[in-house]
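> My questions concern the predicted model and sequence given below.
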Amino acid sequence: MTTTNNTDSRRRNLRLYFLGHGAILLGAWGMDHFGSMVPMALAASAALMLSAPLVRQQAARLRLAARRRD
């Protein structure tokens, strides 16, 4: 994998992560506006799914660092 692709992947993962946080904010607004917990539940689920690539990336970096130490 080239450095450019790795950098693009990191940026993409961070964008998805922040999009998830934006979904949480919209869900909080929807919960306040409509008086229902459904918008927040949907937003939290979306945020969890959108943060998965970043979590996988960080886990891979930790595994690689652990292998280098051994």
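All right, it came through fine.
> Not counting its neighbours along the chain, what's nearest S9?
Nearest non-adjacent residue to S9, counting by Cβ to Cβ, 6 or more residues apart in numbering: Q57, 7.2 Å away. (Glycine included, C-beta is placed from N, CA and C.)
> Kindly report the same for R12.
Closest to R12 by Cβ to Cβ, 6+ apart is P53, at 7.5 Å.
> other SSEs contacting the helix or strand encompassing that neighbour?
Using DSSP states H and E, P53 sits in helix 38-69. If contacts are counted by 3 or more Cβ pairs under 8 Å, 6 or more residues apart in numbering; DSSP states H and E, helix 38-69 sits against helix 3-34.
> Could you report the pLDDT at R69?
Here the pLDDT value assigned to R69 is 87.
> so how far is H33 from the residue sitting nearest the centre point of the chain?
Nearest to the mean C-alpha position of the chain, counting by Cα atoms, centre = their mean, stands S51 at 1.9 Å. Distance, S51 to H33, using Cβ to Cβ, to the nearest Å: 25 Å.
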